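In: A structural model of the following input is requested.
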Amino acid sequence: MSTEELKIAIIGLDTSHAPLFAELLNNPDHPHHVRGGTVTAAYPGGSPDFELSIGRVDKFTAEVRDNSGVPIVQSIQEAAENADAILLLSVDGRVHLEQFRKIVPYRKPVFIDKPFAVTTRDAKAIYRLAQEHGIPLMSCSSVRWSEGLGRALDSAGQGNIIGVDTYGPMELQSTQPGFYWYGIHAADMLYRSMGKGCKEVTVTTNADHDLAVGVWEDGRVGTLRGNRKGNRRFGALIHREQGTEHVDVYADGKPYYASMLEEVIRMFQTGAAPIDMTETLEVIAFLEAANESRETGRTVKLDTGISPVASS
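Out: Residues are numbered from 1 along each chain as shown. The predicted structure is shown next:
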């Protein structure tokens, strides 16, 4: 493991994660300061047809520049060229493949913020590019790294996990359709708990709620409830053979995004991601199948097949 301070570039300043991560890395006095890297350059980006991107990029760019002392550069390539590792944080999942293609030639380890992609086609293309060029790659929701969820999963006193119900707010955004925008948080909790192997998804939907029911190959059932009314907090129920445990992801003083950033820096240092990318691909396939079921009312099989990586 490298012990040197890494130079980190941020691509995409249209998300609140950009100033949060820059402060955690660059401010040693922050109570949850993450050691191992410093943000040394950032490229704003922004999607003109997505108000939650273009409408916030100037604000977050100013915060990253003025509060964390990060130089703002004019291109993705300029950000990547002098960095040791890259945080690709652009809030619009549609642009991740295009932006990743621009940084692939630099062969730097990359973290891609949620949603990794908004189609399985793009997700698989990013994965294949990373494999072809030997690029360490990681993508996930920060809620996956809640300390409360970690404790619940490490506590095996009540037997094996037989099912999981996750929930959280699920506002809809047309550019990040259906479950992709906020459903991905609960999906990542579901997959950290259940692992890979979901074969089909069925969704019940109305104006206020979505309920996705996934059936795993071994017969276990996992659910994702997205709320547009009522409870706006994330959480989960972990069902084991002898009992059920409720997970409160807000119960600990340490924010889950700080725990996630520690995992990202460890991946940057070692080249080994804590999440198998095939699991991340299945999360995207789950969301895509859920969206199709949401529209059609039918049970939808997951598209998890990955074509072989071309030899270089």
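
In: which residues of the chain fall in helices?
Out: According to DSSP state H, the chain carries its helices in the segments 17-26, 51-54, 57-68, 76-81, 96-103, 120-133, 147-154, 183-194, 256-270, 277-296.

In: which of these sits most buried?
Out: Among these, ranked by average contacts under mean count of other C-beta atoms under 10 Å, first place goes to helix 183-194 (a mean of 26). Heads up, the C-betas are built off the backbone N, CA and C, glycines and all.

In: To residue 174, which of the helices of the chain lies closest?
Out: Comparison of the helices of the chain against residue 174 by C-beta to C-beta identifies helix 51-54 as nearest, at 10.3 Å.

In: Measure how far the closest one is from the centre of its chain, please.
Out: Remark: helix 51-54 is offset 19 Å from the chain centroid, using C-alpha atoms, centre = their mean, to the nearest Å.

In: Who is the residue nearest the centre of the chain paired with across the strands?
Out: Central residue of the chain (C-alpha atoms, centre = their mean): residue 140, 2.4 Å from the mean position. Beta bridges link residue 140 to residue 113 when assigned by DSSP bridges.

In: Can you tell me how far the closest residue to residue 261 other than its chain neighbours is from residue 49?
Out: Of all residues not flanking residue 261 in the chain, residue 34 sits nearest, at 4.8 Å (C-beta to C-beta, 6 or more residues apart in numbering). Look at residue 34 and residue 49: by C-beta to C-beta, to the nearest Å, they are 33 Å apart.

In: next one: residue 305
Out: Distance, residue 305 to residue 49, using C-beta to C-beta: 31 Å.

In: out of residue 34 and residue 49, which sits in the busier spot?
Out: It is residue 34, of residue 34 and residue 49, that has more neighbours when counted by other C-beta atoms under 10 Å, with 22 against 10.

In: Can you verify my assumption that the more buried one contacts residue 259?
Out: No. Here residue 34 does not reach residue 259: they are 9.4 Å apart, not a contact under C-beta atoms under 8 Å.

In: does the closest residue in space to residue 198 that isn't next to it in sequence have beta-bridge partners, and which?
Out: Nearest residue to residue 198 in three dimensions, chain neighbours excluded: residue 214, at 4.4 Å (C-beta to C-beta, 6+ apart). Beta-bridge pairing of residue 214 under DSSP bridges involves residue 201, residue 222.

In: What is the burial count for residue 276?
Out: Other residues near residue 276 come to 11 when the count uses other C-beta under 10 Å.

In: Revised request: answer the last question for residue 104.
Out: 17.

In: same question, residue 82
Out: Neighbours around residue 82, by other C-beta under 10 Å: 12.

In: quick one: it and residue 71 touch, right?
Out: No. Counting by C-beta under 8 Å, residue 82 sits too far from residue 71 to count as a contact (10.2 Å).

In: Overlap of the contact sets of those two?
Out: 40, 41 (C-beta atoms under 8 Å, 6 or more residues apart in numbering).

In: So for the residue of the chain most remote from its centre, what's the nearest residue that isn't a sequence neighbour?
Out: Seen from the C-alpha centroid of the chain, the residue lying at the greatest distance (C-alpha atoms, centre = their mean) is residue 242, 31.2 Å away. The shortest distance from residue 242 to any non-neighbouring residue, by C-beta to C-beta, 6+ apart, is to residue 158 (4.2 Å).

In: Correct me if wrong: that neighbour contacts residue 240.
Out: Yes. Contact criterion C-beta under 8 Å: residue 158 and residue 240 qualify, at 4.0 Å.

In: who's more crowded, these two?
Out: residue 240 (18 against 14).

In: one step back: export the helices of the chain to TSV and tack on distance to residue 114 and mean pLDDT?
Out: Formatted as TSV, the helices of the chain follow (distance: least, C-beta to C-beta, whole Å; pLDDT from 0 to 100):
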stretch	distance to residue 114	mean pLDDT
helix 17-26	9	98
helix 51-54	14	97
helix 57-68	16	98
helix 76-81	19	97
helix 96-103	10	98
helix 120-133	12	97
helix 147-154	16	94
helix 183-194	5	98
helix 256-270	10	97
helix 277-296	9	98
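
In: could I get these as a markdown table with distance to residue 250?
Out: As requested, these are exported to a markdown table (distance: least, C-beta to C-beta, whole Å):
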| stretch | distance to residue 250 |
| --- | --- |
| helix 17-26 | 16 |
| helix 51-54 | 23 |
| helix 57-68 | 23 |
| helix 76-81 | 33 |
| helix 96-103 | 28 |
| helix 120-133 | 29 |
| helix 147-154 | 8 |
| helix 183-194 | 13 |
| helix 256-270 | 9 |
| helix 277-296 | 22 |
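
In: Could you chop the protein up by domain?
Out: The chain breaks down by automatic domain parsing into domains covering 6-142+255-275, 143-253+285-301.

In: got the contact list for the residue nearest to residue 242?
Out: By C-beta under 8 Å, 6+ apart, the residues touching residue 158 are 240, 241, 242, 243, 245.
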